[in-house]
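**Student:** sequence first, predicted coordinates after that:
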2 protein chains.
Amino acid sequence: MRGDIVAGNGTDPELGTRKRFRQGQILKLISSENISSQDELRRRLGHVKLQVTQATLSRDFHELKVVKTAAGYKPLTAVSEEAAALPPLGRALREYLLDLRPAANLLVLKTPPGGAQPLAAAVDAERMKEIAGTIAGDDTILVITPSPAARALVQKRMEELLR
Amino acid sequence: MRGDIVAGNGTDPELGTRKRFRQGQILKLISSENISSQDELRRRLGHVKLQVTQATLSRDFHELKVVKTAAGYKPLTAVSEEAAALPPLGRALREYLLDLRPAANLLVLKTPPGGAQPLAAAVDAERMKEIAGTIAGDDTILVITPSPAARALVQKRMEELLR
DNA sequence: GAAAGCCTCGTATAAATATGCAGGCTTGTG
DNA sequence: CACAAGCCTGCATATTTATACGAGGCTTTC
């Protein structure tokens, strides 16, 4: 027996209308203004005659699939959810690469112990035509290209993937 | 003078290498396993000989633009960031629509007071060929279509946008 | 029309995340 | 070498978010 004044469906003429309206306002506010917390949003909604608690907004965000990003709250559509994942090689490089050294037509990649095999596999999987082949030990990979020019190209691509 | 044992750059052979490696592992872990908090992630990283605090992971997430979604942590690429926004009509409907009533070849939309004009503008902007025209008052919009069939189509589309 | 099932939502609080501060590294620079 | 600057990070804690619980309203069912 803690709460006293409770809401129910409030003054709803139709079922769930208040909620839907509020969620619409939420989407509008987060896309226009720069809101930095659910509590701030709660205060803004007050201006529009919508009184709710932070808890409700947390639930709304969940339903609307709104996430908090460095640049404010964003609705996450099905589309954008899929797009979220690094390409294999990019991920492998980030994961394992410690050093990348050019040597004429060769590229020497250093990894932590045991990292060479998996990273080499990712490089191979990329099937870059500039790569003649790879040899991987325990913490070192030799990437062999036909020429220094090709090597430069491969190197550039890897550096971009690391960004 | 609170902390005693502090990390600095640790055993880094190269500057910032440890950090990069850790961030790679983070991306790998969050994409494969189902991690539900930064602290859980911290424990997982322990298995791979990476000792860090939750605070550091929070900072890593920020740098990697990783956000927390209902379905785990996701890296937010530039691409997916753009995709985040509802189409105008969908947003307007969510924002204003209280009720949607069919009537022969007409569709009556109810909004909160003052909502009719903006919503009607969004409907007009959509330029659906099944819509002959709209008339908006203060809290009601009349959408006029040539036939009941066209009306059904428009209605269906709006309901989908609301879903 | 009472019971059961469902929503929606507030309260209180637990859980998760972000951050101010300080210290250890490393890298210049005079 | 001493000193300053910049980084990465831990610690402690402030801030933010999620949730267990229960209330009240609505609808459906017998």
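**Tutor:** Right, received. Where do you want to start?

**Student:** quick check, A:Leu109 in a helix?
**Tutor:** No. Under the criterion used here (DSSP: H, G, I helix; E, B strand; the rest coil), A:Leu109 is strand, not part of a helix.

**Student:** ok now do it, which residues does it touch?
**Tutor:** Contacts for A:Leu109 (CB atoms under 8 Å, 6 or more residues apart in numbering or on different chains) come out as A:97, A:99-101, A:116, A:119, A:123, A:140-143. In short, each C-beta sits where N, CA and C put it, glycine included.

**Student:** which of these fall within helices?
**Tutor:** A:116, A:119, A:123 (DSSP state H).

**Student:** what is the neighbour count of the first one?
**Tutor:** Burial measure for A:Ala116: 22 neighbouring residues, criterion other CB atoms under 10 Å in any protein chain shown.

**Student:** for the last one, same thing?
**Tutor:** Neighbour count for A:Val123, taken as other CB under 10 Å: 24.

**Student:** please tell me how far it sits from A:Gly90.
**Tutor:** Between A:Val123 and A:Gly90 the distance is 11 Å, computed by CB to CB, to the nearest Å.

**Student:** with A:Ser32 instead?
**Tutor:** In this view, A:Ser32 and A:Gly90 are 34 Å apart by CB to CB.

**Student:** who has more neighbours, the two?
**Tutor:** Remark: of A:Ser32 and A:Gly90, A:Gly90 carries more neighbours, 19 against 8, as counted by other CB under 10 Å.

**Student:** mind listing residues that contact the strand or helix carrying that one?
**Tutor:** Using DSSP states H and E, A:Gly90 sits in helix A:88-96. Identification of contacts with helix A:88-96 by CB under 8 Å, 6+ apart yields A:86, A:111-112, A:115-116, A:118-119, A:121-123, A:125-126, A:158, A:161-162, B:20-21, B:23-25, B:27-28, B:31.

**Student:** the same query, at a cut-off of 6 Å, please.
**Tutor:** Contacts to helix A:88-96, defined as CB atoms under 6 Å, 6 or more residues apart in numbering or on different chains, come from residues A:111, A:115, A:119, A:122, A:126, A:161-162, B:24, B:27-28.

**Student:** and stretch A:143-155, by the same measure?
**Tutor:** Residues outside stretch A:143-155 that contact it (CB under 6 Å, 6+ apart) are A:102, A:104-107, A:130-134.

**Student:** ok, stretch A:130-142 next?
**Tutor:** Under CB under 6 Å, 6+ apart, the answer for stretch A:130-142 is A:106, A:109-111, A:113, A:116-117, A:120, A:123, A:143-146, A:150, A:153-154.

**Student:** give the buried residues for that stretch.
**Tutor:** Buried residues in stretch A:130-142, defined by neighbour count with 16 or more other CB atoms under 10 Å in any protein chain shown: A:130-131, A:134, A:136, A:139-142.

**Student:** now do that stretch: distance to the chain's middle.
**Tutor:** With CA atoms, centre = their mean, to the nearest Å as the basis, stretch A:130-142 stands 30 Å off its chain's centre.

**Student:** same deal with stretch A:50-60?
**Tutor:** Relative to its chain's centre, stretch A:50-60 lies at 26 Å (CA atoms, centre = their mean).

**Student:** picking that back up, hey, C-alpha coordinates of the helix holding A:Gly90 in CSV?
**Tutor:** Provided in CSV are the C-alpha atoms of helix A:88-96 (Å, rounded to 0.1, in the frame of the first residue of the first chain):
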residue,chain,number,x,y,z
PRO,A,88,34.4,-9.2,-41.0
LEU,A,89,37.9,-8.0,-42.0
GLY,A,90,37.4,-4.7,-40.3
ARG,A,91,36.3,-6.4,-37.2
ALA,A,92,39.2,-8.8,-37.3
LEU,A,93,41.7,-6.1,-37.8
ARG,A,94,40.4,-4.1,-34.9
GLU,A,95,40.4,-7.2,-32.8
TYR,A,96,43.8,-8.5,-33.5
